[in-house]
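> with the input below, show me the fold.
(chains A and B)
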Amino acid sequence: MNGQRDEREKAAGQGSEPSVTLEEEGAASMRTIAETRKGAGVSKGPGMRYSFANGDQPLAGYTIKRGVGIGGFGEVYYAVSDAGKEVALKRVQRNIDIELRGVRHCLNLKSPHLVAIYDIRKDNQGDVWIVMEFVQGESLKDAIERYPQGMPREELVRWFTAIVEGVAHLHDCGIVHRDLKPANIFDDLGTVKVGDYGLSKFISCSRRDGHTESVGTIHYMAPEIGKGEYGKEIDIYALGVILYEMATGDVPFNGESVQEILFKHLTAEPDLSRLPPDLRPLVARALHKDPRQRFTDVRSMAAALQEASGTPDAAWKKAPPSPPPEKPYVEATPVAQPVPSDPMAEAVAGMWQRFRTWWYTSKMGKPMRVAIVAGAIALAILNAEWLVPTVLILCTIRVMYVIARSLSLPGFAPTPAPPTAPATAVGRPVRSAPAPAAPVVATPGNSGQPVVARPHPTPPQRLSPQKRRLLARQRDEAVRRFLASQPWGAKASSFLTSALLAAGICAGLSLLAVSFVHAEPADYASAAWWAPMVWTTWVSTLGCWAILFLEKRWEHEVEHDSPRRFVQFFAGLLLGIAAFGLSHWLLFDLSAVDLGIEDFPTLWIPATMYDVDGTPLLAAFLVYFGSLLLVIRWWRLVDPLRRRVFKCGYVVWSGLAAWLLAELWRFPEPWGILVAVNMAIALQVASGWYSPRRREVIAANEVVPADEAPQHVPANAV
Amino acid sequence: MLGDRVSRFPRWFWPAGRSGVGSSRDAATGSAIMSQPGLTANRFLLWVDGVGGYLVCRDDVLMVGQAVPGSRVAIPLLGDLSRQHAILERLGGRYVIRPLEPTWVDGRAAEGPTLLQDGSRIDMGRSVSLRFRQPHALSNSARLEFLSRHKTLLGVDGVVLMGESCLLGGSSHNHIVCRDWRSDVVLFRKNRGLGCRAAAPFEVNGIECVEACQLPIPSRVVGRDFSFSLEALS
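You can find the predicted model right below:
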């Protein structure tokens, strides 16, 4: 075990080395990192690293079995003496005499509610070990986590009175615990024990230096600790926090950063409304900012709790075990002005609500539902002749009504939209610190000095295709997260750029195509020449805009095929209406030039789709454009993370699909196909694209917080 | 009582041709059962740092009994039990308890072989209670938890009845739940021995290991955010 001992020595000397996170590297550089770890002898990963392993005997007479935990003061092990006595061994790493004086003072305390300290020993290397009672069973932290809504009162009283007994014994002996927290309190097979006392002289400095545990303990820190006051009132404050946490499942003061929590301890008032009413005065007094206003001793706190909880036959025993906390009172939210009710909107909303309830509760099967939706859409399309004007009229009436209402009701503005934009704009904080993202590579023969390497732009060649695909996927996921964090302004400007570009391309392509369709030299002034041009330009431009707009909504999400197709389908219906309106407005008869096969059976085409002379009616437009946007996955053409910036295959495929659809619905031949091909070209050229190299850079800067990192579960685990 | 048990025991305990049990037909007496290699060998201790100690039993047939000096039952318990109290047997993916002495499953007295479900409570003798857990639906391994304060060997927090694999990880479907771990580790049977598999590279006895490798006993496994030791049981 000498090797491990050496490793430990090295590790101790290199405490400030940047930590290595494997998430970003992927399989490519894992080997490099593993070598680094061996060479440098250190792995300060997010997890724990114990210096001793099963079978080691750093202290004569004790055999280590396993690590129990690593705290701010050193590693704790479960060990067995030669005779078979179970003990906990704590190695005090910061070997300071003052600390040990504190422990010596506590060496002979006797209380059933304190974790007993048996001895303090020094090993051959000069390290100091504290031999303690080994506590089996869960900590109060585990117990609190089991009850996220707060513990049952009976359980709470059992824990709390025992904790108070232990702390009172310490206070009686003139010792302040200074580091009371649920992780230090254990239920040893029915007996609650307080541990880790006498070690906490430098609690405040050790907790603020960015150690992982600092955030955990800072929650229990009394405000006066900042001033250097370490009276027993700080234990009472900590007990107040613990009581609050036991009753609600949450600490009273929480926040993103250590500074924020400390600041709340100093200034904020605890939210007592989450507590059961009988505990509020008790917790309020224990959490008082002024130490002199708190309880004068811990026993009076336990007495107050027992009084609040009443005699055993009090009401709380009959109540359900975990009283549902009252709805927390949210302070900062401004209460919205009561908006006068809008009878029209209410009626429509009520009908919609009833329909939804029926739709979600009825016992129809999936095919039935699909049939109903398809039937409704078909009916709507076939009756589009009068349905669309009706809807338009209704919308106009509604708009006029809203305007009139807003004018007649003073001080009434349309319901303010929730401020979603800033929230999305903040998004995930993008940390661009190079250290965590870059692998650390130790040069041979220079084990001490790590060299920070650049992130690998491309994985090495030896990776298998599956691994490479996996890496690419992880990288793209990171880029999508980056996209999600983009502010609205950036998205809007990129959309506008793409939209303008797309319009220009559509115009150019339409010009080209229309001059081909009219083979003979035409009169450029005549409507017969420019009407198809304008129609094609506008319809394909509008189609592009719809797709680009949808993509801005979708670009940061994982692809969901059917919902996207469905949304596109509706966009296609709108496009159909626009195309129909345009053709009427331009007096452009699409069927005048029809290159389609004439003898195609048209019997099954409903009469409402085409006029007697073959002119397509609104229904035909709806059907054609709806199905065009349903069949093709347009979002793939504009995905910023598509594999290549332009793929001819997409153009061919969309042209083919459009031709088939035109044949199917007898839509006048060149025009529908023209629109599809225009869109396929314009969308790919005009939409934004991230090159693989740029994606690498973005992904390297996008550091995944450790707790959200994807779990690596072996696929063939079982 | 004892005579009754011994005479009744072999009739249903030894299915014909069962592997790993040895010369089953001779096992007419208690001492013969005790000498079955399948009952005591193939066990090891798994010490997971920061999590707990586990007794891992790999045999299909396991004897549960009182822990007395020199006892060789597979799962010895420090409780008021008979020296051979019950037999746990793995049949395919399911577990059956065959009581030799008064045993209750979920509060009902078990008269004969009784199928155990995930979450079944096993009461033995007057005071020992265990919880049977089969947390992963696709794994034929299981875990015994101590409900009463009785323990088995020193420092053991639970017993893993290891079939094909033993899963260690953060979520509750693992056989050994290690809440702070971010990645999962799988111990699995490899030929006659043990293998270990993890997503990230790890070290076995100081030797670098990527993806999966053989685990000797004893051995020390150290990963990025986990470490555990395997200790042989004499």
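> what residue of chain B is the furthest out?
In chain B, the greatest distance from the average C-alpha position (Cα atoms, centre = their mean) is reached by B:E208, at 29.1 Å.
> so what sits opposite that residue in the bridge?
Beta-bridge partners for B:E208, by DSSP bridges, are B:E203.
> and the pLDDT for it?
B:E208 is assigned 89 on the pLDDT scale.
> now do it against B:F188, distance only.
Note on B:E208: its distance to B:F188, by Cβ to Cβ, to the nearest Å, is 20 Å. In this view, the C-beta of every residue, glycine as well, is placed from N, C-alpha and C.
> what do you get for A:A531?
Taking Cβ to Cβ, one finds A:A531 at 73 Å from B:F188.
> which residues touch residue 68?
If you meant another chain, say so; for now it's chain A. Contact analysis of A:V68 by Cβ atoms under 8 Å, 6 or more residues apart in numbering or on different chains lists A:76-78, A:88, B:49-50.
> wait, chain B was what I had in mind.
Going by Cβ under 8 Å, 6+ apart, B:V68 touches B:76, B:83.
> and after the longest helix along chain A, which helix or strand comes next?
The residue-count maximum for a helix in chain A (DSSP state H) belongs to helix A:488-517. The helix or strand immediately downstream of helix A:488-517 is helix A:527-554, counting by DSSP states H and E.
> which parts of that following helix are buried?
A:530-548, A:550-552, A:554 (16 or more other Cβ atoms under 10 Å in any protein chain shown).
> ok, now which ones touch A:V194?
Residues counted as contacts of A:V194 (Cβ under 8 Å, 6+ apart) are A:113-115, A:163, A:166-167, A:170, A:177, A:180, A:184-185.
> pipe those into CSV and attach neighbour count, distance to B:L138 and pLDDT per row.
Output for the contacts of A:V194, formatted as CSV (neighbours: other Cβ atoms under 10 Å in any protein chain shown; distance: Cβ to Cβ, whole Å; pLDDT from 0 to 100):
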residue, neighbour count, distance to B:L138, pLDDT
A:H113, 20, 44, 92
A:L114, 21, 46, 91
A:V115, 21, 41, 90
A:I163, 26, 42, 93
A:G166, 24, 45, 91
A:V167, 30, 48, 91
A:L170, 24, 50, 86
A:H177, 26, 47, 83
A:L180, 26, 44, 88
A:N184, 25, 39, 86
A:I185, 26, 38, 91
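> tell me the one of those nearest chain B?
Nearest to chain B among the contacts of A:V194 is A:N184, at 15.7 Å by Cβ to the nearest Cβ.
> show me the contacts for the closest one.
By Cβ under 8 Å, 6+ apart, A:N184 lies in contact with A:139, A:194-196.
> which one of those sits closest to chain B?
A:S139 (11.8 Å).
> count the neighbours of that closest one for me.
Here the number of neighbours of A:S139 (other Cβ atoms under 10 Å in any protein chain shown) works out to 19.
> didn't it look like it was pressed against A:D188?
No. A:S139 is not in contact with A:D188 according to Cβ atoms under 8 Å; the separation is 10.2 Å.
> over to the nearest residue to B:D60 once chain neighbours are set aside: give its phi and psi.
Spatial nearest neighbour of B:D60, excluding adjacent residues (Cβ to Cβ, 6 or more residues apart in numbering or on different chains): B:R90 at 4.7 Å. Phi and psi for B:R90, reported as degrees, to the nearest 10, are phi -100, psi 120.
> list the contacts of B:R90.
Here B:R90 is in contact with B:60-61, B:140, B:142, B:161, B:163 (Cβ under 8 Å, 6+ apart).
> tell me the bridge partners for it.
In beta-bridge terms (that is, DSSP bridges), B:R90 pairs with B:Y95.
> show me where pLDDT drops low in chain B?
Scanning chain B for pLDDT under 70 picks out B:1-41, B:234.
> for the closest residue to chain B within the stretch 101-250 of chain A, give its distance to B:G107.
Residue of the stretch 101-250 of chain A nearest chain B, by Cβ to the nearest Cβ: A:L189 (4.8 Å). When distance is defined by Cβ to Cβ, A:L189 is 23 Å away from B:G107.
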